[in-house]
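Colleague: Fold the stuff below for me.
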Amino acid sequence: MTDNVVSTRYWHRLDDGRLQCDLCPRHCKLRDGQRGLCYVRQRLDDEVKLVSYGRSSGFCIDPIEKKPLNHFYPGSAVLSFGTAGCNLACKFCQNWDMSKSREMDTLADSASPEKLARVAGELDCLSVAFTYNDPVIFHEYAIDVAAACHERGINSVAVTAGYIDPEPRIEFYAAMDAANVDLKAFTERFYKKICGGQLQPVLETLEYIRHETDTWLEITTLLIPDENDSDEELDELSKWVVERLGPDVPLHFTAFHPDWKMLDKPSTPAATLTRAREIARANGVNYAYTGNVHDNVGSSTWCSNCGELLIERDWYVLGRWGLDAQGRCVKCATPLPGHFESRPGRFGARRIPVQLNRY
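Modeller: Predicted coordinates:
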């Protein structure tokens, strides 16, 4: 490793001399000096290297519910960070200033995995989250940070689009304690037209996480008016989740606001999110949520057996707690799937920027 540049191993040489990156389904084919679409993986010294190791676009302490993860230590604090670049090209990206950055100056803050884990512990963060841009593209750094965190009893959380090839997927999710996967839509048309990618690899990742790992899984779909919010698509999506992943995987429907290259679209009406939640619940999803809107009913957790209010949420602030010390409904003793402490965290809705160079 030299400074922020490290060798990678998910690539191979083509007959024409180019090197194909095998990290994600995009399979960028690189000549000397070229970068992949993600921008942070580059052909240097006749191999593919990660050129953003240990560098970040910033660190912040968030509530875990902001990831969003509603069944993974509710109320706890998470140290969040991202880098630059992304391996998809979503026109609606709401973190475009980081994920679409082509300026390495964006990565002003830096930290070794060991320092990041130490600071997370000192700041009473139960988890570290790889977010803002997709951690798949800084695969090696994310895995090293996760290992350092695990040595200190700190969880690792991936907020990701799940756009990764089968072999690196095994190593990546073995290091993650929880993941929220952004299932952007349920049509290949949307993925191709709006994201410059494919749907099928994401579905394969979801099934892999759910059935082949111990990683806690939740799913988010950002609903964009007239693009992926029809009753038919929501019906197909939620049925697939129940049939292929099971009824207990939490499914979040969140509101779009105009950003990046989709400024012509209106914000998502709250009624659309409520309708999506109702469709999902009717299809057997036990824990369907609304997000990016003020909706106490849709953002709270209810017992799938008796309907008791288990975790009340007002944005990111927790209210009534209807779980016993074992994570079961206090009324009917039905277990709530997920990871819970005997009492909820009290971090609340704060957002605290952190400068790691001060630690």
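Colleague: For D259, which non-adjacent residue is closest in space?
Modeller: Closest residue in space to D259, ignoring its immediate chain neighbours: Q94 at 5.0 Å, by CB to CB, 6 or more residues apart in numbering. Yep, even glycine has a C-beta here, placed from its N, CA and C like the rest.
Colleague: count of residues packed around that neighbour?
Modeller: Neighbourhood size, Q94 [other CB atoms under 10 Å]: 17.
Colleague: do A280 as well
Modeller: Around A280 there are 26 residues (other CB under 10 Å).
Colleague: tell me, what residue is most central in the chain?
Modeller: For the chain, the residue nearest the mean C-alpha position is V159 (1.5 Å; CA atoms, centre = their mean).
Colleague: gap between L23 and V5?
Modeller: Going from L23 to V5 by CB to CB, to the nearest Å gives 16 Å.
Colleague: The residue nearest to the centre of the chain belongs to a strand, doesn't it?
Modeller: Yes: under DSSP: H, G, I helix; E, B strand; the rest coil, V159 falls within a strand.
Colleague: contacting residues for it?
Modeller: By CB atoms under 8 Å, 6 or more residues apart in numbering, the residues touching V159 are 67, 129-132, 135, 179-180, 182.
Colleague: Okay, and which of those map to strands?
Modeller: Applying DSSP state E to those, the entries found in strands are 129-130, 179-180, 182.
Colleague: of all those residues, which comes closest to E114?
Modeller: For the ones in strands among the contacts of V159, the minimum distance to E114 (CB to CB) is 16.3 Å, reached by F130.
Colleague: I'd guess H211 is in a helix, am I close?
Modeller: Yes: checked against three-state DSSP, H211 lies within a helix.
Colleague: L23 and V5: which has the busier surroundings?
Modeller: Higher neighbour count among L23 and V5: L23, with 28 against 15, using other CB under 10 Å.
Colleague: Distance-wise, check the more buried one relative to D214.
Modeller: Per CB to CB, L23 is found 23 Å from D214.
Colleague: So, low pLDDT: which residues of the stretch 151-300 of the chain?
Modeller: Within the stretch 151-300 of the chain, the segments meeting pLDDT under 70 span 260-261.
Colleague: Mind listing what's buried along stretch 177-196?
Modeller: Buried residues in stretch 177-196, defined by neighbour count with 16 or more other CB atoms under 10 Å: 177-187, 190-191, 194-195.
Colleague: now the end-to-end length of it.
Modeller: End-to-end distance for stretch 177-196: 29 Å, by CA to CA, to the nearest Å.
Colleague: Please state the offset of that stretch from the chain centre?
Modeller: Centroid displacement of stretch 177-196 relative to its chain, using CA atoms, centre = their mean, to the nearest Å, is 12 Å.
Colleague: Which of the three states applies to the residue nearest to D259?
Modeller: Assigned with three-state DSSP, Q94 falls in the coil class.
Colleague: Wait, it touches A255, no?
Modeller: No: using CB atoms under 8 Å, Q94 is not in contact with A255; the gap is 10.6 Å.
Colleague: Domain-wise, how is this protein divided?
Modeller: The chain breaks down into these domains under automatic domain parsing: 6-50, 55-358.
Colleague: Among those, pick out the one with the most neighbours on average.
Modeller: domain 55-358 (a mean of 19; mean count of other CB atoms under 10 Å).
Colleague: Bridged to the residue nearest to the centre of the chain, which residues?
Modeller: Beta-bridge partners of V159, counted by DSSP bridges, are N180.
Colleague: ok, so what distance separates it from A89?
Modeller: For V159, the distance to A89 - CB to CB - is 18 Å.
Colleague: what pLDDT does K91 get?
Modeller: Per-residue pLDDT puts K91 at 84.
Colleague: my hunch is that C306 is in a strand, does that hold up?
Modeller: No: counting by three-state DSSP, C306 is not part of a strand but coil.
Colleague: Could you pull up the residues touching the closest residue in space to it that isn't next to it in sequence?
Modeller: Excluding the flanking residues, the one nearest C306 by CB to CB, 6+ apart is C332, at 4.3 Å. Counting by CB under 8 Å, 6+ apart, C332 touches 303, 305-306, 308.
Colleague: Next one: C332 relative to N70, how far apart?
Modeller: Using CB to CB, C332 is found at 20 Å from N70.
Colleague: And for C38?
Modeller: If you measure C38 against N70 using CB to CB, the figure is 29 Å.
Colleague: Show me where the stretch 51-200 of the chain has its helices.
Modeller: Using DSSP state H, counting those that start in this stretch, the helices of the stretch 51-200 of the chain run over residues 96-99, 113-122, 139-151, 166-174, 188-190, 200-212.
Colleague: Looking at those helices, spot the one closest to F81.
Modeller: Once these are compared by CB to CB, helix 113-122 is nearest, at 7.7 Å.
Colleague: And the contacts of the closest one?
Modeller: For helix 113-122, contacts defined as CB under 8 Å, 6+ apart pick out 54, 79, 81, 111, 127-128, 141, 144-145, 147-149, 151-154, 354, 356, 359.
Colleague: quick one: it to chain centroid distance?
Modeller: Relative to its chain's centre, helix 113-122 lies at 21 Å (CA atoms, centre = their mean).
Colleague: could you check the angle helix 139-151 makes with it?
Modeller: Here the directions of helix 113-122 and helix 139-151 differ by 50 degrees (axes from the mean of the first three to the mean of the last three CA atoms, to 10 degrees).
Colleague: Distance check, the closest residue to T290 other than its chain neighbours against R281.
Modeller: Excluding the flanking residues, the one nearest T290 by CB to CB, 6+ apart is G298, at 3.3 Å. Separation of G298 from R281 (CB to CB): 10 Å.
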